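Asks: sequence and predicted structure below; questions after.
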Amino acid sequence: MGTDDTGQAPEGDEDPRLTSLEERLRKAHHSEAERTAPKTVRNVFTGKGVSQGNRALSAIIGTPLGGLIVGFALDELLNTRPRAMLVMLFLGIVAGMVQIWRISKERAE
């Protein structure tokens with residue numbers, strides 16, 4: 001590397017250490033920019049917030065409907081026409097509310 005006793009490059013020559021350092025810094029900046037760049041979402045219907053919304057919707061619809069169906073089946077088996085269906089519908093509504101409460105405690109990021 002043609003240096004003198006002071007550790008500096010001879011006059012007029014560019015120090016190869018600086019060139020190497022500049023290249024490494026350029027690569028480090030580029031890799032850091034790629035790593036910290038925000039992720040672009042192409043589809044609007046993705047992400048945790050949408051997922052939580054879908055789970056809440058299915059809890060609102062599914063649990064009372066499931067309770068209604070199970071209650072109707074129990075009424076047919078036990079011949080207790082509206083009683084089991086109403087009890088199971090009520091339990092389905094309560095279960096749906098509990099699920100909504102649990103989903104609402106999660107953090108949407």
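Replies: Yep, it's here.

Asks: and residue 45, what element?
Replies: Per DSSP states H and E, residue 45 falls between elements, in no helix or strand.

Asks: and it, how many neighbours?
Replies: Look at residue 45: counted by other CB atoms under 10 Å, it has 9 neighbours. No exception for glycine: its C-beta is placed from N, CA and C like everyone else's.

Asks: distance of the closest residue to residue 86 other than its chain neighbours from residue 98?
Replies: In space, not counting the residues next to it along the chain, residue 86 is nearest to residue 71; the distance is 6.9 Å by CB to CB, 6 or more residues apart in numbering. Taking CB to CB, to the nearest Å as the criterion, residue 71 is separated from residue 98 by 18 Å.

Asks: between those two, tell me which one has more neighbours.
Replies: In terms of neighbours (other CB under 10 Å), residue 71 is the more surrounded of residue 71 and residue 98; the figures are 22 against 12.

Asks: per-residue pLDDT, the more buried one?
Replies: According to the per-residue confidence, residue 71 scores 97 in pLDDT.

Asks: which SSE is it in?
Replies: Element membership for residue 71 (DSSP H and E) is helix 48-78.

Asks: and if you look at residue 86?
Replies: Residue 86 belongs to helix 81-105 when assigned by DSSP H and E.

Asks: which residue is nearest the centroid of the protein?
Replies: The structure's the chain has its C-alpha centroid closest to residue 48; by CA atoms, centre = their mean the separation is 3.9 Å.

Asks: that one and residue 108 touch, don't they?
Replies: Yes. Under the criterion of CB atoms under 8 Å, residue 48 lies in contact with residue 108, with a separation of 5.3 Å.
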